[in-house]
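Chemist: with the sequence up front, the predicted model follows.
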Amino acid sequence: MGRKCATATSARASLSLFVNHPLIVYSKPSRPIALVAEVTTLRRHMESTHRAEYLQWAEANNFPSMLPKDAKQRKEGASSHNQPRLDSHLQPKERVIPYSDKMFRDAAIQWLIDTDQPIAALEHPSFKNMIDVAARATNGVKIPNRKATRQAIIDSFKQQMTNLRARLSVCNSNY
């Protein structure tokens, strides 16, 4: 009780009852066997058999070649030139060591020794204020260099002198 193979003519005759298509062949009337008619298969066939004619047609109609090798080559060429780089975003960050009282005490003592400060400098309100301001920083503290610090002191002095002159001129005009 093997399978019955239908001939092309009997298949076409029985096929006309279901679908009027010459490529479908039935081995049994209830189970059709269809030939593959997918786009990728057609493109592979065009590439292997009719490449020259297809490329001539595509060029004449201003149509990009959709043959698998041409599409792959076009895709690889486009992706390598348009892909943005991450190099500018990947900058090494300085590792910040978490705060500890011992580490702060050691740094303060080292600062006193290196700058020849009196021990009382750690208890000065200005020093405490500076430490409180620095503690609020989220991305570390940028300490200005000597030149910038000198210029800031001169600018602050000039602003104080201008304010003092303004106050004295107001007081002087009242007398």
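Modeler: Looks like it came in fine. Numbering: from 1, shown residues only.
Chemist: in this protein, which helix or strand is least confident?
Modeler: Among the helical and strand segments of the chain, the one scoring lowest on mean pLDDT, DSSP states H and E is helix 8-18, with a mean of 44.
Chemist: what about the helices in the protein?
Modeler: For the chain, helices defined by DSSP state H occupy the ranges 8-18, 39-49, 51-60, 68-82, 101-115, 125-135, 146-174.
Chemist: for those helices, give me a markdown table that also has distance to residue 93 and mean neighbour count.
Modeler: The C-beta positions use only the backbone N, C-alpha and C, and glycine is treated the same way. As requested, those are exported to a markdown table (distance: least, C-beta to C-beta, whole Å; neighbours: other C-beta atoms under 10 Å):
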| stretch | distance to residue 93 | mean neighbour count |
| --- | --- | --- |
| helix 8-18 | 69 | 13 |
| helix 39-49 | 47 | 13 |
| helix 51-60 | 51 | 12 |
| helix 68-82 | 29 | 11 |
| helix 101-115 | 20 | 11 |
| helix 125-135 | 19 | 10 |
| helix 146-174 | 24 | 10 |
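Chemist: reformat those as a markdown table; add distance to residue 88.
Modeler: Converted to a markdown table, these look like this (distance: least, C-beta to C-beta, whole Å):
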| stretch | distance to residue 88 |
| --- | --- |
| helix 8-18 | 63 |
| helix 39-49 | 39 |
| helix 51-60 | 39 |
| helix 68-82 | 16 |
| helix 101-115 | 34 |
| helix 125-135 | 30 |
| helix 146-174 | 28 |
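Chemist: looking at those, which one has the lowest mean pLDDT?
Modeler: Lowest mean pLDDT within the helices of the chain: helix 8-18, a mean of 44.
Chemist: can you pull the contacts of residue 117?
Modeler: Residue 117 is in contact with residue 111, counting by C-beta atoms under 8 Å, 6 or more residues apart in numbering.
Chemist: state the pLDDT value of it.
Modeler: The per-residue pLDDT reported for residue 117 equals 89.
Chemist: and the gap between it and residue 107?
Modeler: Counting by C-beta to C-beta, to the nearest Å, the separation of residue 117 from residue 107 is 13 Å.
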